[in-house]
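J.: need a structure here:
(chains A, B, C and D)
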Amino acid sequence: MLRLNRVWKTYRVGAFGTRELTAVRDVSLDVAPGEVVSLIGESGSGKTTIGRMVLRLNSVSQGRIEFDGTDVSTLRGRALKSYYRKVQGIFQDPYSSFNPIFKADRVFDMVRRQFFAGTPNATWHGKIEAALADVRLDPAQVLNKYPHQLSGGQLQRMLIARALLLDIKLLIADEIISMLDASTRIDVMNLLADLTSRGVGVLFVTHDLALGNYLSTTTVILRRGVIVEMGATDKVFANPQHPYSTHLLGSVPHLHKKWSQVEAELARHDARLGPCGYHAHMPGRCGMPPHDPDQPMLAEIEPGHVVGCSYDQPLG
Amino acid sequence: MSLQVDGLRVRYRTLRGDVHALDGVTFEVADGEIMGLVGESGCGKTTLAKSLIRLDGRMQYVDGVVELDGVKLPIDDQHAMNRFRFTQISFVPQYAMSALNPIRKIGKMIAELLESRGFDYKSIQPELERRLDLVGLPRDVLRRYPIELSGGMKQRTVVVVSTLLDPSLLVADEATSALDVSNQKAVAETLVEFRDRRFVRSVIVVTHDISLGYQIADTIMVMYAGKQAEKAPAEVIVNSPRHPYTQALMSSLPEVGVRYEDRRLAGIPGSPPPLLNPPSGCRFRDRCPLAFDQCAEEPPFVEIATGHSVACWKAA
Amino acid sequence: MGRYFGRKSIVYALTCIVAVTINWLVPRFMPGDPVLQMLISRGPDTNPEQTAVIMDYYNRLFGFDVPLWQQYLNYWGALFKGDLGVSVWLFPTPVADVVLRALPYTLGLLLPAILLSWFLGNKVGAMAARRKWLDNSVLPVGYVLTATPYMWLAILLAWSLGIVAGIFPTAGGYGFDLQPAVSWEFASSLAMHWFLPFLSLFLVAFGGWAIGMRNLVIYELESDYANYLAALGAPPRLIRRYAFRNAILPQVTGLALQLGVLVGGSILTEVVFAYPGLGNLVFQALLHRDFFLLQGVVLFIVIGVLVANFVIDVVYVLVDPRTRAGMQGVSA
Amino acid sequence: MRTRPRALSALVAIPVAMGLLAVAACTSGGTDGDDGAAQGAGDGTPASDTGAAPLDPELTSFPRDETLFTTGVGWGPPANWNPITSGVATGLNGLVYETLFLFNPETLELEPWLAESGEWTSDDVYEVTLREGIEWGDGEPMTAEDVVFTVELGHVDGVPYQSLWTWLDSAEVVDERTARFTFSDARYGQWDNWIYSNQIVPAHIWSTFSDEDKASGANENPVGSGPYEYHSHDNDRMVWQKRAGWWATEALGLEVKPTYVVDVLSNNEVGMGLVLQGTVDISNHFLPGINQIVDGDFGISTYYSEPPYMLSDNTTMLIPNNTRPPMDDPEFRRALAFAVDTDAIVSNVYGDIVRAANPTGLLPVWEQFYDDAVVDELGFSYDPERAEQTLADAGYADTSGNGFVETPDGDPIELELIVPAGWTDWMEAARVIAENAREAGIDVTVDFPDAALLDDMRTSGNFDLVLNGWAGLSNTPWTYYNYIYSLPLQDMQWSTNFARHENDEAWELVQQLARMSIDDPQFADVVSQLQRIHLSEMPVIPVWHNGLWSQVNNEVWTNWPSGDADTPGHLPNLWDGKLNMGAIYLLTEIELAR
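T.: Down below sits the predicted model:
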């Protein structure tokens, strides 16, 4: 459904754009219907930029982003509108998606004005109530309220409901629960997971490995704009191949295991692996900057599980 | 006995009335203890942290006694508290990214701060540099401006600065929540190490993340709606919590390894009571699966085992 | 940093070229032909042949007898020789002479008004941020002052201190009964004539800076670093000093932005006080359709504002480490 | 009119004027020290004798009782001391350079000035004799050669009187003091006009100038024959200093009183303050509201102490573009004339400081030429019914029912009256005129283009209706009728016949006037014929006579010219061209108040 094919994003910085800053480097990935792909990385990893490029909030410097086979960057006018009917984004700070001086349900009105101008009132209200029910919100509690009267969890759910009004196919969820409280975040997570059963694909952007692990079918670990490891979530978490992946895993605070214990387990795991997972499959290329455009950046170490070179430091 | 808090009440004055943010809190932090203070937003944990160091303009001390090393702290007297700040009781804020004056070199700012408190920077500088080495910061951060440091570096710098005068108590208010996992771990471990080296004698780590609290704290105190819910050694809290809120909180927490398809977690339904006019009785009872008639009466915070106190009729 | 200033210089040079070009273009697209104006003002002969001769004469004089592109090149050529053409209104005085004679008055008015209002406005604003009584007086007065149009205040001052109180003269650069000399009498007359126009410029700007500074300092006092310092028991003196130093930075940038407004204000002020500076010239040049003079004065103003902006840029880099860090390519 | 830049809007003028009024009321009572700092004068400075004072480097201030402060005269910083060009420094023509004759508007006669006499020795030969003993400022004697040289400057490109030589044949020196002019076409009236309005320059200096400098040089060290010489100047002032050896002292017993004349450059609003404060002695600004100040007791006076307060200087004309229908129809123009409520303009817009124009448009100084019979028969006055009737009679009717008449052919009439933006009094007057016209059924709207744009439109004929007042005070109605009827029409009408009215008969009469001296017995008859043609054809509509603005402060100097019997009656105004209409006497007749 969504396919990123060797996508780059470079920014020009400095007074005359004299310096180039690469935020995303040669990233290829797919999101299938009903699949949750989590983009996991720390700040500066390019995960948010990828989400924004898919939403066309940022342009693509190189490569293609395709949605159902169409190059997203070529969409204009009506085609773009219909794209946004299928692809929506939700972001970290729910409050910033709402205008504090208008009632929160104005976000629904905006959808109506843009996409459902002809719908009769009764039909429309039915649609809203159905969408709110889907996100388990009580219409009486959230309609006719100002954003500050609602909790972060309620607002995020309203945004999801708003996306549901559009019969979306793909949802870009960028750190949508990091500002929510522990007791409510899991509900929003479950809600996302439930969407997949309707065939919605989710691109789940997060820095929290536990969340990615809980939700996703595919995990993509990014570092400095580059994919270092990608594969089915269970494989990546059970058998991380890249030192950066293990480093991240080792930093997550667990509830029943102390860091020291986790570190020890991972150290044993690392010891079983060679120095570079990529090397085993691309021996001559290990540690080399990829001069050859056809040279794959990632090596497949088991079906559906690829890893980048541990020695490759392209951004030095 | 390092810190003793007895019946502390603090309220916020708002236009609509007083918010009872901290409604009678009693606990101790022993010499050498790291106490994790855990709870969701609005539970009073940040109010408690601030009360110990500096009440902000809208906060009003109501009642209660705070003693540090047997000396009563004048927490309602901004001016008198100054004597204790930094030297006896110190603070690592959540906003470490912006806690340093952006237009002062860090070394100069530290020097000016120390000199304004009557200390001689020159004589402290060697120790400062030693501690920078310890946390893995280059010494030349002192000659840099905050903007030249990464977030993790800034956070570590703030930890070093805050503990420079070897205070008895360090209050770390969500000190790591803005950081990436790897930095979070580094800073958290720094806190432990500083305690081990007796740079600080005891620490209160305020966090919304109970798993982080578990990683570094000796004891954990869980707060709910301005009151204490449970306090116990970290292992006890995590492995055999007695308060239904603590239990629910942990069961809603996704851990690495827990997957949606395997085990669907559930949040805590409902939301905390408003603290403007808090209801009588147990404040968790509306959300509590175990609630029964007696909960209309406020449960006392009682010690049910050595070092394990709970405020729940069912736990007694 | 050298590269930074190198780049800045290029930007300023480009701005300058564009400004000069626009300055050259605008009069050529404004209604009213200067040669026609010249002819009308001189009451030309009714004989059409001779009118044609005179017209040719002026066309040559003002350089309109060559193609437009060449006029443009000639303009630059002349500019580098310091030749700004001949004033139509004050024919045959060279524009450069007229402008240079008026320049000291305007500089004498603007520089002290800008600098003093900035320094004192910031001082008083910072003081107001921590003294209630001062806040209660400075804030309303400041708002009234900034909201006052320059011309209005000037008229008010001319009326109250000039005509009612009779303390200050209300027209001219110095006493009309004086001739320039190195004497106390002349100097004091110069000062007396300078004072009211200066005061009206100063007051309006002062109000703006004071309010801005007050708000900025209050903002800084509530900032995270101020809270952190307070949490570590730093005395208010240190926190206030930091807040002031940080709050002054946006004020430096503001100064660059305000320059244009102040220059605009000085035009009106000079007109009200018949003060013989550039502002009055702009006004008169407009009134008399003297494009060449207008061009000349505007050129001076544009270059002046650009130079001032450049200076402020440099100062800003020196006082704000963040820009310097940005220059060295450190990024988060 | 360059003498009246009406710059700031009325918004400013009114509060200031009212403020000044109030203030003047507060301060005029018995205070003598409110002249402000500008008057630390006199103390300790070596007062020069009333005689010649060379430029004194020790002089730091101009003693108040030896200095005449003027304003509202100069129209820009002094930049030009060339009497041949216009826009010269205030007073240059008259105080420094002088004319052969003065024109006396009271007697309508030319008075010998530099000339002792001038006469036509034959039909086309004129001889002028200079007074004896006139010396230039540099001590050289003035001779007939200077006179001839000055006239021959007309051969130089760019000198405004080039066309003189289309009817003048030769100029020659007869002897030391006599110059002879031989004309190919002896235009007596026009020559009279020329001879009092052009200054004589010293040949021994000017012959060294290049042609360019003669026509447009700044002439920075003017050497003249008049009572003053250059002292100094700055952006906002021009200072003249009395010089020794002015010929008129010996020849006519005249002595200019002020040692210094300081002309202050100021705008109208500031000028009001200056004259009220007594910082200046005379302001020739247009000061709206001055009537209230004159009526009050502020020590400020104008020529007349009651309406119209001012002498009249020129006639403001409503000029229809005669080439555009329906303004090519004399009946339409007449109807328009009857529609205009001149009295409303005079009293409501001007507060009675101007006077309604005589229907002929001739200034009051030419009152003797008014042909009352013609005016009675053909003249017009405000009469809206008559205007409507005239329109109806000529076939203009409101056929569309929009409230306004259409042409007899049924075409709609939509006219635009333009006056320069910023000339607030004219803008107000234009609104009155348009309102009047609409009441009479003619759809007139107003527009206020930029002054320069308006100049273009008027000069090129791209307008419907325009106000203009360039027909000014002179020695002969010829200038007035030349302004109205000048032919042939050109693409650009620079200064005359803006209406583009073609009337060969009238033009023939104007040319006759040029050839007639004003005391010619036929002169009145020709003027009368022109009045008849004018009032029946109405090429332009005279509306009001603008004032020769002048307001004086009596604190330091008195005996100003005025309409009162016991004071001099000369022109109280120092605009360029007025000194040689007798305003020079203002300087010899004012007296110190103390």
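
J.: how far away is whichever residue of the stretch 1-150 of chain A sits closest to chain D from residue A:110?
T.: Closest to chain D within the stretch 1-150 of chain A is residue A:101: 37.8 Å, counting by CB to the nearest CB. Any C-beta I mention is one placed from the backbone N, CA and C, and that applies to glycine too. From residue A:101 over to residue A:110 the distance is 15 Å, taken as CB to CB, to the nearest Å.

J.: and the stretch 351-500 of chain D, which residues reach chain C?
T.: D:422, D:449-453, D:455-456, D:459, D:486, D:490, D:492, D:494-496 (CB under 8 Å from any CB of the partner chain).

J.: one more time with 7 Å, if that's ok
T.: D:450, D:451, D:452, D:453, D:455, D:456, D:459, D:486, D:490, D:494, D:495, D:496 (CB under 7 Å from any CB of the partner chain).

J.: phi, psi of the closest residue to chain D within the stretch 201-316 of chain B?
T.: As assessed by CB to the nearest CB, chain D sits closest to residue B:276 within the stretch 201-316 of chain B, at 55.1 Å. In terms of degrees, to the nearest 10, the main-chain angles of residue B:276 are phi -70, psi -50.

J.: comparing residue A:101 and residue A:110, which residue is more hemmed in?
T.: residue A:110 (13 against 8; other CB atoms under 10 Å in any protein chain shown).

J.: so for the more buried one, what's the pLDDT?
T.: pLDDT for residue A:110: 85.

J.: dihedrals phi and psi, the residue of the stretch 51-200 of chain B found nearest chain D?
T.: Proximity of the stretch 51-200 of chain B to chain D (CB to the nearest CB) peaks at residue B:103, 45.1 Å away. With angles defined as degrees, to the nearest 10, residue B:103 sits at phi -110, psi 20.

J.: neighbours around it, how many?
T.: Count around residue B:103 with other CB under 10 Å applied: 19.

J.: swap in residue D:402?
T.: Count around residue D:402 with other CB under 10 Å applied: 10.

J.: one more: the one 3 residues further on?
T.: Here the count is done by other CB under 10 Å, and residue D:405 has 25 residues near it.

J.: excluding chain neighbours, what is closest to it?
T.: residue D:396 (4.1 Å; CB to CB, 6 or more residues apart in numbering or on different chains).

J.: from the stretch 201-350 of chain D, which residue is nearest to chain A?
T.: residue D:235 (41.8 Å).

J.: surely that residue touches residue C:277?
T.: No. Applying CB atoms under 7 Å as the test, residue D:235 and residue C:277 come out as separate, 8.5 Å apart.

J.: intersection of neighbour lists for these two?
T.: Shared contacts of residue D:235 and residue C:277 (CB atoms under 7 Å, 6 or more residues apart in numbering or on different chains): residue C:102.

J.: more neighbours, those two?
T.: Using other CB under 10 Å as the criterion, residue D:235 and residue C:277 rank with residue C:277 on top: 28 against 21.

J.: relative to residue C:103, how far out is the more buried one?
T.: Applying CB to CB to residue C:277 and residue C:103 gives a distance of 8 Å.

J.: ok, residue A:251 - contacts?
T.: B:181, B:182, B:184, B:185.

J.: mind checking how far the one helix or strand in chain B whose mean pLDDT sits lowest is from the chain centre?
T.: Lowest by mean pLDDT, DSSP states H and E among the helices and strands of chain B is helix B:78-81, with a mean of 88. Counting by CA atoms, centre = their mean, to the nearest Å, helix B:78-81 is centred 21 Å from the centre of its parent chain.

J.: show the subsequent helix or strand relative to it.
T.: strand B:89-92 (DSSP states H and E).

J.: quick one: mean pLDDT for stretch D:312-328?
T.: Stretch D:312-328 comes out at a mean pLDDT of 94.

J.: and stretch D:153-163, by the same measure?
T.: Here the average pLDDT along stretch D:153-163 is 86.

J.: what's the first-to-last distance across that stretch?
T.: End-to-end span of stretch D:153-163 (CA to CA, to the nearest Å): 11 Å.

J.: quick one: stretch D:514-534 near chain C?
T.: No. Using CB under 7 Å from any CB, stretch D:514-534 never reaches chain C; the gap is at least 11.8 Å.

J.: which parts of the stretch 51-200 of chain C sit against chain D?
T.: So far as CB under 7 Å from any CB goes, the stretch 51-200 of chain C lies against chain D at C:51, C:53-54, C:57, C:89-93, C:101-102, C:155, C:159, C:163-164, C:166, C:168-173, C:175-179, C:181, C:183, C:185-186, C:189, C:192.
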